[in-house]
Structure formats: structure tokens, C-alpha cells
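Undergrad: Got a sequence here, can you model it:
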Amino acid sequence: MIQAKILRRNGRTAGFSVSGHAGYADSGKDIVCAAVSSAVQLTANGITEVLHCPAEVSVEENAVTLRTSGQPSRETEAFLDAFRLHMEVLAEEYPSFIQLRYMEV
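TA: Sure thing, here's the model as predicted:
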């Protein structure tokens, strides 16, 4: 199961942490893992490489965490809110494979 945490600071989305494997299908055919991985990469790259937002990114085997530093810009928060919305939709569609939680940081 994929464990996804939406990190909140003062009621606003400030980052995320995603770990695990969905186990929906065999490696290379797991559409749930592919959807989550793509969303994570798009969001992390958009925030750090396109917007150049200061963020702490940690990448380990089967785990990625991104935390913004200070108050995120409107653009950064929009990326994070889009990621949150995407994860909510995926967790609703695949409840046995994605657990989504919210955490104040």
C-alpha cells in the first residue's frame, strides 16, 4: 500500500511525503504506482526546477518527501494543492492501495 501524507502548515499545504508500493499489479504494469510516481515527480520538479522554490527534498528507496521552506508562494501552493487533489482522487478510486493522511508540521 502507498502511504501518502499531505503536510500542512498554518492551514496551508506545505509539502508531502509518499512511500511504499501499491501492489495493484506486477511491476511495470501497476497503474496506481505509475500515477502516484508521475504526480510526485511532476510536483517536485515543478516546485524546485521550474519555480525555483526553496524546498527540502528527500529521496530514498520507495520514499519521497518534499517540504517547502517558510511560506510557499501562491504558485508553489497551487502545485501542492493540485498534487493534494490528485492524490485525493486516486485514494478515492483505489482505497485498498493508497492511504492518504494529513499532518500538521
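
Undergrad: Wait, Q99 touches L90, no?
TA: No: applying CB atoms under 8 Å as the test, Q99 and L90 come out as separate, 11.1 Å apart. All C-beta spots, glycine's among them, are computed from the backbone N, C-alpha and C.

Undergrad: quick one: which of those two has more around it?
TA: It is L90, of Q99 and L90, that has more neighbours when counted by other CB atoms under 10 Å, with 20 against 13.

Undergrad: what mean pLDDT does the helix or strand hosting the more buried one have?
TA: Remark: L90 resides in helix 74-93, with elements defined by DSSP states H and E. Across helix 74-93, pLDDT averages out at 97.

Undergrad: and the very next helix or strand once past it, what does it pack onto?
TA: Next along the chain after helix 74-93, taking DSSP H and E as the criterion, comes strand 98-104. Helices and strands touching strand 98-104, by 3 or more CB pairs under 8 Å, 6 or more residues apart in numbering; DSSP states H and E, are strand 2-9, helix 74-93.

Undergrad: neighbouring contacts of the shortest one?
TA: Looking back up the chat, that one is strand 2-9. The contact list for strand 2-9 (CB atoms under 8 Å, 6 or more residues apart in numbering) reads 13-22, 32-33, 36, 67, 84, 87, 91, 97-105.
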